[in-house]
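Participant: What shape does this take:
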Amino acid sequence: MVHVITIDRQGSDRSLETQGLPGPGTIQRFAERRHRLRLEHPPELIWAGSSSAVWRLRTACGEYLAKVFTARTRDVRIVRKEVAIYAWLRRFDIHVPEVSSTVAGRQVETLTVGSLVPPRFERFPAMVMRLEKLRTIQPESVTRDELRLIARRLASIHESLRQYPDRDGIRRSDLWDIEQSSFTDFLRSPNAHLFETRDLEGLHELDQRMELVTRSVQLPSPLTESVLHGDLGMDHVQLLDGDHPHAGEPYFFDFSDFVRGPVALELAIMLLHLFGRSTITFTRWKELGGWVLEGYCSATRLTDDDVRAIDALLVPWALTSIRYQTRRAIRSGAPGNVAQIRRRYQLAAHLLNDDRPCTGLIRPESPHRMAPRATRPRRARAEYESDTPTRQPRSQRFS
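Facilitator: All right, here's what the predicted structure looks like:
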């Protein structure tokens, strides 16, 4: 049985109401009535998106976060599965959110917000977790030791989740989804309005090349699988800071997109975000990719097929991300993160013009360096460092 709290929408913040999310009055009553938290200040909104919002709760005994989802995008049963994954990972000393229980012993509640006259109600899955003091890391400044440590702990997450009792009950990843929209949809979306006409012509050709490559990708089988975070970038992993006994250790959060699938997909998404959500050069990106593979392979083994699959998934996921942003912009009527769309197109153009895989760029001194494929001749070091590689025939790019 799902316990609900009915609160008049009159207490909702109007800017959040337009997104279909509760306001500060709702959050405060939820925290005080169900979690017995005595707030010293009104809840502070620190993040709001189309599917969820996060509030900071300040109390005399510490700070907490309240995260609320829209029922249209997140079923309460899915949120409970996310919380169960956190509990499982904490058994392996992996630092993830510590979700608090209500006075009734539930970690996930359903808020019902609405009015009796006329009868109109909306339901929102919600949870409260302790706020940790964290240090943000960025692709532009992350060190080799920091990124290797993050990748090593990610390998530990995958290893522990291979033993997760409910792993078969978790949705399998689609690997990529380019059918959710098209370049024609992109042209009529608010995103296209922020591009010059001459740029759109070039993007159309590039988009077609990306789609052709995506439709021709055939992943090797079998691949190493686990339960995945599903959207791991530097905005979803930070380092514990301050006087925390484990200061310097990675803290992983926001597993809302968790799926079951190949670990190569997780690593490809991480590499994509390292470039797409930053301003780094291709040279820096290849360096970071090497550090990620070094750290991951220092904790667990990747097969040759796993490594090849990482490269094969980069372009499909760049296109999937762009198509997702298109669909979102059409649905909301507002442009998405156009800078990230540009970066994904830039990365795809680089990958399609360079036959050397990112995963072949692990530092030579690494003891876990993967041997290059026999069919791929080794090129001079100067070419690896180039940000403008010579274009190669399509048949060689994903050989």
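Participant: Secondary structure element for the most centrally placed residue in the chain, which one?
Facilitator: Nearest to the geometric centre of the chain sits D231, at 1.9 Å (Cα atoms, centre = their mean). Counting by DSSP states H and E, no helix or strand carries D231.
Participant: Does it touch E266 like I think?
Facilitator: No: at 9.5 Å, D231 does not count as touching E266 under the criterion of Cβ atoms under 8 Å. Heads up, the C-betas are built off the backbone N, CA and C, glycines and all.
Participant: before we move on, back to that, and the residue lying closest to the residue nearest to the centre of the chain once chain neighbours are set aside, what pLDDT?
Facilitator: Among residues not flanking D231 along the chain, D257 sits closest, at 4.3 Å (Cβ to Cβ, 6 or more residues apart in numbering). Here the pLDDT value assigned to D257 is 93.
Participant: D257: what secondary structure?
Facilitator: Three-state assignment for D257 (DSSP: H, G, I helix; E, B strand; the rest coil): coil.
Participant: how many other residues sit next to it?
Facilitator: D257: 14 surrounding residues under other Cβ atoms under 10 Å.
Participant: Pull the contacting residues for it.
Facilitator: Going by Cβ atoms under 8 Å, 6 or more residues apart in numbering, D257 touches 229-231.
Participant: Including distance to W55 and pLDDT, could those residues go into a markdown table?
Facilitator: Compiled in a markdown table, those are given as follows (distance: Cβ to Cβ, whole Å; pLDDT from 0 to 100):
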| residue | distance to W55 | pLDDT |
| --- | --- | --- |
| H229 | 23 | 98 |
| G230 | 23 | 95 |
| D231 | 21 | 95 |
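Participant: Sort out which one of the residues you listed lies nearest R172 for me.
Facilitator: G230 (11.5 Å; Cβ to Cβ).
Participant: For burial, what's the neighbour tally of that closest one?
Facilitator: Counted with other Cβ under 10 Å, G230 comes out at 19.
Participant: Was I right to think it contacts V259?
Facilitator: Yes: shown here, G230 and V259 form a contact pair, counting by Cβ under 8 Å, at 5.0 Å.
Participant: between the two, what contacts are shared?
Facilitator: Common contacts of G230 and V259 (Cβ under 8 Å, 6+ apart): S173.
Participant: closest to F186 among the contacts of D257?
Facilitator: D231 (21.3 Å).
Participant: any idea whether the residue lying closest to V76 once chain neighbours are set aside is helix, strand or coil?
Facilitator: Counting by Cβ to Cβ, 6+ apart, V76 lies nearest to P125, which is 4.2 Å off, once chain neighbours are set aside. Counting by three-state DSSP, the backbone at P125 sits in strand.
Participant: Enumerate every residue touching V217.
Facilitator: V217 sits in contact with 312-313, 315-316, 398, where contact means Cβ under 8 Å, 6+ apart.
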